[in-house]
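[1] whatever this is, show me its structure:
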Amino acid sequence: MAGRLEALWFLALVCGVVVSQDVSQLETHLSHLTQVRHPGVPHNTREAARSYIMDQMSQYGLTLHHHTFNTTIVTNSIPQTIQGQNIIGISEGSGGADDTLIVVGADYDTGLGRHPLEDNGAGVAVMLEAARNYMDAIDPTGDFTAKGTMIFVAFDLNTREYGGSAGQPGSYHFLHRWLWPYLNQDSSKLKGVFILDSISRFNHEARSQYLPPGFEETFPEAYEHISGEEMKGNFLAAFTRNSTTSHHLVEALNSNYLKERKARLVRLEELILRNGARINTDVLSMFNHQAHLPFWTFNPTGKPTPLPAILITDTDVYRKPIDSEVCTDPCSADKFLTRRRRVAMTISTSALTHTLLNLQASRRSHGGTGNTGSSGGDTALKLYSIASSPYVPDEAAQD
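    Predicted structure coming up:
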């Protein structure tokens, strides 16, 4: 008993300094994303979110690009052309022959009738925090040196969630009109893409996770794991195509979630869409409207060129929310960030940051400057201290 209390005291000591800092940043991000960000909304909520994201990326030291595009949405059965803007932040790598690129992306708009923090404020917040932590870590005073290039992108106008729209979403335009030219039309330079879309809903109750008919045929391994856990919604799904590169990306991310699972709140479940797998429209509807799809179906010259993209999601409407965590309008960032969500989103931020540093950076041999401020390598060291902190029982994360 004394050992357990000591472990909990140590975790409280570490998390009181470390996790609260990340939660404070996450809450700040979410506070700028509490309103519906749809072009049909009379207020300039999309524009305000866009300005905030641009400001944050600039503060982190990322090179900022604005990618403007036109697409079509349908309002009151009337198609109309509308302008969107993807926000892109770049951290250049070494520039050498082995300089590869990883993209982390999240939609920042909202479908009508959707919860603005679930769709997709939480995804944007974690993306921004991963960007901040990564840039802190590779700062000249930090503990890492960038090897590869990192691109963080907030996509506008996910028309696939608007209903009746004939236009292509922002992620499609980003890939075809911006990223492909940036890569000089060389897919070998792209190491992979992580897409964050609806990542804040967790439920540890049995039968809280719905799987559509036919899921067991399309994703047999995942079905076995999820059913073995009594259909609990206690995981983030990583939808991926069946390729060595994609599997390597999921493994890299999952290894960092496993470190964080001392908190026993979040696990990563890989859902591999194997070549020739049987799939029906019910199953397809789980993952046919998010920002990864243009990467999977990329066909620039008449020859299919699927790119390694991983969709990270809580499965959204396929998971029953916990009654006590339903945050109705008006929903503040503080009210939305229940203890469960705070811990889960912090773990996701940390795991993603670790993964990006593992894949795109190398630790400096001098071990950093050893500063104790809130910038530079200190953030990375704090994140690593979370990963090595002791076990937290489930009840410690309850409200």
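[2] from what I can see V103 touches V153, true?
    Yes: look at V103 against V153 with Cβ atoms under 8 Å: they come within range, at 6.3 Å. The way it works is simple: take the backbone N, C-alpha and C, and place the C-beta from them, glycine included.
[3] packing partners of the longest helix seen in the chain?
    Ranked by number of residues, the top helix in the chain under DSSP state H is helix 339-360. Applying 3 or more Cβ pairs under 8 Å, 6 or more residues apart in numbering; DSSP states H and E, we find helix 339-360 packed against helix 19-31, strand 101-107, helix 122-137, strand 149-155, strand 190-196, helix 244-260, helix 378-387.
[4] quick one on the thing from earlier: higher neighbour count, V103 and V153?
    Under the neighbour definition other Cβ atoms under 10 Å, V103 and V153 were set side by side, and V153 has more, 30 against 23.
[5] and that one, bridged to which residues?
    Going by DSSP bridges, V153 is paired in beta bridges with I88, G105.
[6] next, the contact list for it, please.
    86-89, 103-106, 174 (Cβ atoms under 8 Å, 6 or more residues apart in numbering).
[7] neighbour-wise, give me the winner out of these.
    G105 (30 neighbours).
[8] quick check: the gap between it and V193.
    For G105, the distance to V193 (Cβ to Cβ, to the nearest Å) stands at 7 Å.
[9] over to N358?
    Taken as Cβ to Cβ, the span from N358 to V193 is 16 Å.
[10] with N203 instead?
    28 Å.
[11] between those two, which one's more packed in?
    The neighbour comparison of N203 against V193 (other Cβ under 10 Å) goes to V193, with 27 against 20.
[12] how about the spatially closest residue to that one that is not a sequence neighbour, what does it touch?
    Excluding the flanking residues, the one nearest V193 by Cβ to Cβ, 6 or more residues apart in numbering is A309, at 3.9 Å. By Cβ under 8 Å, 6+ apart, the contact set of A309 is 192-195, 240-241, 246, 292, 295-296.
[13] re earlier: okay, the contacts of V153 in a markdown table with distance to Q168 and pLDDT next?
    Shown next, in a markdown table, are the contacts of V153 (distance: Cβ to Cβ, whole Å; pLDDT from 0 to 100):
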| residue | distance to Q168 | pLDDT |
| --- | --- | --- |
| N86 | 12 | 98 |
| I87 | 18 | 98 |
| I88 | 17 | 98 |
| G89 | 22 | 98 |
| V103 | 18 | 98 |
| V104 | 21 | 98 |
| G105 | 15 | 98 |
| A106 | 18 | 98 |
| F174 | 10 | 98 |
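[14] now the helices: where do they sit in this protein?
    Going by DSSP H, the chain shows helices at 2-17, 19-31, 45-60, 122-137, 170-173, 180-182, 215-218, 220-228, 244-260, 281-284, 293-296, 333-336, 339-360, 378-387.
[15] worst average pLDDT in the ones you listed?
    Looking at the helices of the chain, the lowest mean pLDDT belongs to helix 2-17 (a mean of 36).
[16] so what's S94 up against?
    Neighbouring residues of S94 by Cβ under 8 Å, 6+ apart: 146-148.
[17] go with 10 Å
    Neighbour list for S94: 145-149, 360, 362 [criterion: Cβ atoms under 10 Å, 6 or more residues apart in numbering].
[18] mind pulling up the pLDDT for it?
    pLDDT recorded at S94 is 87.
[19] next one: phi and psi at it?
    Phi and psi for S94, reported as degrees, to the nearest 10, are phi -70, psi -20.
[20] still on that earlier bit, ok, and the most crowded of the contacts of S94?
    Going by other Cβ under 10 Å, Q360 tops those with 23 neighbours.
[21] what touches both of V103 and V153?
    Here V103 and V153 share the contacting residues 88, 171, 174-175, 179, 193, 195, scored by Cβ under 10 Å, 6+ apart.
[22] M127: which of those is nearest?
    Using Cβ to Cβ, I195 comes nearest to M127 of the shared contacts of V103 and V153, at 9.5 Å.
[23] if I look at that closest one, how far off is L293?
    Separation of I195 from L293 (Cβ to Cβ): 9 Å.
[24] over to I347?
    When distance is defined by Cβ to Cβ, I347 is 26 Å away from L293.
[25] again, but for A137
    To L293, A137 is 31 Å away according to Cβ to Cβ.
[26] more neighbours, these two?
    A137 (27 against 19).
[27] I'd guessed the more buried one sits against F144; true?
    Yes: applying Cβ atoms under 10 Å as the test, A137 and F144 come out as touching, 4.6 Å apart.
[28] coming back round to it: buried set for the longest helix of the chain?
    340-357, 359-360 (16 or more other Cβ atoms under 10 Å).
[29] what of stretch 88-100?
    Buried residues in stretch 88-100 (16+ other Cβ under 10 Å): 88-91, 93, 100.
[30] what's the answer for stretch 131-150, then?
    131-139, 142-144, 146-150.
[31] ok, the closest residue to F287 other than its chain neighbours - contacts?
    Excluding its sequence neighbours, the residue lying closest to F287 (Cβ to Cβ, 6+ apart) is F239, at 4.8 Å. Counting by Cβ under 10 Å, 6+ apart, F239 makes contact with 195, 197, 219, 222, 246, 250, 269-273, 286-287, 290, 292-293, 296, 309-313, 315.
[32] and if we set it to 7 Å?
    Applying Cβ atoms under 7 Å, 6 or more residues apart in numbering, we find F239 in contact with 271, 273, 287, 311.
[33] same check, this time on L265
    L265 neighbours (Cβ under 7 Å, 6+ apart): 202, 340, 343-344, 347, 397.
[34] and which of these is nearest A277?
    Here the nearest of these to A277, counting by Cβ to Cβ, is F202; it sits at 27.0 Å.
[35] and the nearest residue to that closest one once chain neighbours are set aside, how far from A206?
    Excluding the flanking residues, the one nearest F202 by Cβ to Cβ, 6+ apart is A344, at 5.5 Å. Plainly put, A344 is 19 Å away from A206 if you go by Cβ to Cβ.
[36] state the pLDDT value of the closest residue to A361 other than its chain neighbours.
    Leaving aside its sequence neighbours, A361 sits nearest to F144 (Cβ to Cβ, 6+ apart; 4.1 Å). In this model, F144 is scored at 95, pLDDT.
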